[in-house]
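Q: any chance you could fold what I've pasted below:
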Amino acid sequence: MLRKLYDWVINLAGSRRAPAALAVVSFAESSFFPIPPDVMLAPMVLARPQRAFVYAGICTVASVLGGLLGYAIGVFLEPVGHTILALFGHPQGQAEFHEWFSKWGVWIILVKGLTPIPYKLVTITAGLARFDLFTFIWASIVTRGARFFLSAILLKYFGPAIRAEVERRLGLYTAIFVVLLIGVVVVLKVL
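A: Numbering: from 1, shown residues only. Down below sits the predicted model:
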C-alpha cells in the first residue's frame, strides 16, 4: 500500500496540478500523511529549476499550516493523536516526547523538523505537551523553511548529480547535519 501511495505522489509531481498537490501533501504530511513532500519537491525542482524557491515556499507555508493541524490534534483530539503516534511506531510517544519538550523545548522542533523523522510526531506531541503555540509556529517556520529551501537550492544548482548522491547516502548526510546542529547548540549553551 505504501508503494502505491508513493507512486501516486510521484505521478502528481508531473501533473499541471503539481503545485496544488505539493501544498496538499506538505500540509497533510505534517499531521497524518506518511509520504514526505520531498518526494514531489525534488522532481518538480529538477523539471523547473527557475521555480525552485516558489516550490520551497509552498512546502514551507503548507507544512507549517499542517503542523498547526497536528498541534490541534494533540490538544483537542488526544485519542487520535495517540493513534497516529502508535501507527508511526511510538505507542508510548507522548511520555517520551513530553520529557524531551520539557528538557529541550524549542530545540526538539528545530532539530526534528530538519530530519527525515516524520514531522507529524513533533507537531502532535507538541500539542499533547501543550508546548507554547507562538514558539511552535516560529520554530516550525524556521525549521521547515530551512529544510525545503536547502533542498530546493541543492537541487536547483547541483541538479540530478546531487540528488543521486543524497539519495544514496541520505542517512549519513542527515547524521552529519544533526551532529553539526547539536554541536552548535552545545556551543551556544556554553557561551
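
Q: all contacts plus neighbour counts: C-alpha atoms, from now on.
A: Noted.

Q: state which helix of this protein is the longest.
A: Ranked by residue count under DSSP state H, the longest helix found in the chain is helix 133-168.

Q: point out where the chain drops to low pLDDT.
A: Across the chain, the ranges flagged by pLDDT under 70 are 1-10, 88-94, 115-116, 162-164, 166-167, 170-171, 173-174, 177-178, 180-181, 183-191.

Q: phi, psi for the residue positioned nearest the centre of it please.
A: Geometric centre of the chain, nearest residue: Tyr119, 4.5 Å, by CA atoms, centre = their mean. Here is the backbone geometry of Tyr119 (degrees, to the nearest 10): phi -60, psi -30.

Q: which ones are touching the closest residue to it other than its chain neighbours?
A: Of all residues not flanking Tyr119 in the chain, Ser30 sits nearest, at 5.4 Å (CA to CA, 6 or more residues apart in numbering). By CA atoms under 8 Å, 6 or more residues apart in numbering, Ser30 lies in contact with Ser63, Val64, Gly66, Gly67, Leu69, Gly70, Pro118, Tyr119, Lys120, Thr123.

Q: among these, which ones are in helices?
A: Using DSSP H, the subset of these located in helices is Ser63, Val64, Gly66, Gly67, Leu69, Gly70, Tyr119, Lys120, Thr123.

Q: from the chain's centroid, how far away is the helix or strand hosting Pro19?
A: Assigning secondary structure by DSSP states H and E places Pro19 in helix 18-29. From the chain centre to the centre of helix 18-29 is a distance of 12 Å (CA atoms, centre = their mean, to the nearest Å).
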